[in-house]
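J.: Predicted coordinates and the sequence they were generated for:
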Amino acid sequence: MRAGLFVCENSTHIDSVATPEDALFRILTFCLSMSIAALSPAQAQTVPQSMAQIQLSYAPLVKQAAPGVVNIYAQRVVAERRNPFADDPFFGDLFRNFGQTTPRVQNSLGSGVIVGSDGLVVSNYHVVGQATEIRVVLSDRREFAAEVVLTDEQSDLAVLQLQGARDLPALSLADSDGAEVGDLVLAIGNPFGVGQTVSSGIISGLARSGIAVGSGRGYFLQTDAPINPGNSGGALVNMAGELVGVNTAIITRSGGSNGIGFAIPANLVAQVVSQARDGRERFQRPWAGVTAQAMDAALADAFDQTIPAGVVLLELHPDSPLAKAGLQRGDVILSVDGGEVNSAPEMMFRLAAKGIGGQSVLEARRGTDSREVTIDLIAPPESPERQTRRIDARSALAGLEVMRINPAVIAEFGLSPDADGILVTQAQDLAGRVGLRPGDVLLAINGEPVQSTADVARLSRAQTRAWVIELIREGRQLSLRFRL
């Protein structure tokens, strides 16, 4: 084949080439070198030395990372109520609880990430939570049974242990605090059950904290790498092949990817995995004992801030580590361990990623004065004792379960830091029929204050037909009046 003659922008000729492929490589290399020569030394990069370097590919990265991502098939048994009025637009609501319940097997499909060569896998709670049978399939088609060893519904994370697994290809975890908007990432998972699939994109947002997942709101990295059903629990990896996040949710109108996906940052994943290795069954966060509000433009004006930044402390429990460090209501938290915080979930994420047992340095502002305070990262105290008690069938409030509110109960049930009294945790049988609900805080029964669960048990045995129960429900004080 005759050698060709090619011309690029600088009118330089390249001839005497053996093949068109050689000619293409030389002309691309030459034109690229001319462009690089026009850059400053600080901007200049190495000229590609091969056609493979010109034809950039994610293939080497995928070969490195993909074996560490698994497919998960989970089954759970749910109680399904057979209701002949279920599809009726009117009677469906009226007879919502009509009919008998029957068990039904529900299947779920998702992905997971190997984080330990001994078979430790992290996935989403909504994929494997409450599953009765879990089967995990590796990229090389090996299959393992798995059991859940730790769960955290609030962050939508769960850790699995593969039975009989060893020497597995595990992904290393990146420092997700180093992620920046614009970083290239790959999403690896099993969308729609078609098999392992890779999609590419960038980190398109940081500190996303307004997305509801599971029972609470989390703190996420946002990506435009396509994420679809089945990708949940899969890996979001950076260009070093490290796990930067666990894919967990999308915003969609169609059920498919619209380019807005969310991943749980690797720093929180690392802490969850660490607690799983320590033998915990539930993830435990450091207790802050506060409620906080993000600084907006209106608040910034009231606090004489030019730019809205930080979170304002609204309530502090007396035993809160922040209160013990000298912080008080109205103080503004600007950063935790050097990382900016602009929402309450972001502040709690940074504390949770640090873990229990250490310390964190908070930058706080009061008025025009800024200072740093060091707080201890502790578990919520079980003081006073919660005194869990169930009211027996001989009492007028049979089926009621109550416990004394303490910091651990506040953290477990998401109560306000200033909550106090006796919390209703279950209201079945007669207690449910008279109007009591889980989450109610009991104040008094028939005019007598309740200060312990023993008081509730004693007062529920009163020989009377007329009852008045004072309580707090969703921040409002109510009175339940009924006759038995």
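T.: Everything's here; your move.

J.: how does the chain divide into domains?
T.: 6-56, 58-283, 290-376, 389-483 (automatic domain parsing).

J.: can you list those domains in CSV and add mean neighbour count?
T.: C-beta coordinates here come from the backbone N, C-alpha and C atoms, glycine included. Shown next, in CSV, are the domains of the chain (neighbours: other CB atoms under 10 Å):
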stretch, mean neighbour count
domain 6-56, 12
domain 58-283, 19
domain 290-376, 17
domain 389-483, 17
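
J.: counting contacts, what elements does the helix or strand harbouring residue 276 pack onto?
T.: Counting by DSSP states H and E, the element that carries residue 276 is helix 266-277. On a contact count with 3 or more CB pairs under 8 Å, 6 or more residues apart in numbering; DSSP states H and E, helix 266-277 meets strand 101-116, strand 120-123, strand 143-152, strand 157-162, strand 243-250, helix 344-354.

J.: what's the angle between whichever helix or strand comes after the fourth one and strand 243-250?
T.: Taking DSSP H and E as the definition, the helix or strand that follows strand 157-162 towards the C-terminus is strand 184-189. Going by axes from the mean of the first three to the mean of the last three CA atoms, to 10 degrees, strand 184-189 is angled at 60 degrees with respect to strand 243-250.

J.: in its sheet, what does strand 184-189 sit against?
T.: If you go by DSSP bridges, strand 184-189 pairs up with strand 197-208 (antiparallel), strand 235-237 (antiparallel).

J.: what is the mean pLDDT for the last one?
T.: It refers to strand 235-237. Mean pLDDT, strand 235-237: 95.

J.: before we move on, back to that, of the domains of the chain, which approaches residue 382 most closely?
T.: domain 389-483 (4.7 Å; CB to CB).

J.: Surely residue 432 and residue 399 touch.
T.: Yes. Between residue 432 and residue 399 a contact is recorded at 6.2 Å, counting by CB atoms under 8 Å.

J.: In this protein, what helix or strand scores lowest on average pLDDT?
T.: Least confident helix or strand, the chain: strand 6-7 with a mean of 38, by mean pLDDT, DSSP states H and E.

J.: Pipe the strands paired with strand 184-189 into JSON lines and attach distance to residue 452 per row.
T.: Output for these, formatted as JSON lines (distance: least, CB to CB, whole Å):
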{"stretch": "strand 197-208", "distance to residue 452": "43"}
{"stretch": "strand 235-237", "distance to residue 452": "49"}
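
J.: which of those strands has the lowest average pLDDT?
T.: Among the strands paired with strand 184-189, strand 197-208 scores lowest, with a mean of 88.

J.: hmm, who's touching it?
T.: By CB atoms under 8 Å, 6 or more residues apart in numbering, the surrounding residues in contact with strand 197-208 are 58, 62, 66, 179-191, 219-227, 244, 259-260, 262, 342-343, 346.

J.: go on, stretch 303-319?
T.: Contacts for stretch 303-319 (CB under 8 Å, 6+ apart): 289-297, 299-300, 322-323, 327-335, 340-344, 346-347, 365, 368, 381, 407, 410, 416-418.

J.: Stretch 166-179 now?
T.: 65, 67-69, 113-120, 138, 162, 203, 206, 221, 235, 237-238, 240-245, 265-270, 273, 339.

J.: Turn the helices and strands packed on helix 266-277 into TSV, columns for distance to residue 132.
T.: Formatted as TSV, those follow (distance: least, CB to CB, whole Å):
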stretch	distance to residue 132
strand 101-116	8
strand 120-123	16
strand 143-152	10
strand 157-162	14
strand 243-250	22
helix 344-354	29
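
J.: Closest to the centroid, which residue in this protein?
T.: The centre of the chain sits closest to residue 155, judged by CA atoms, centre = their mean, with a distance of 2.8 Å.

J.: Which secondary structure state is assigned to residue 408?
T.: Classification of residue 408 using DSSP: H, G, I helix; E, B strand; the rest coil returns helix.

J.: Cool, thanks, talk later.
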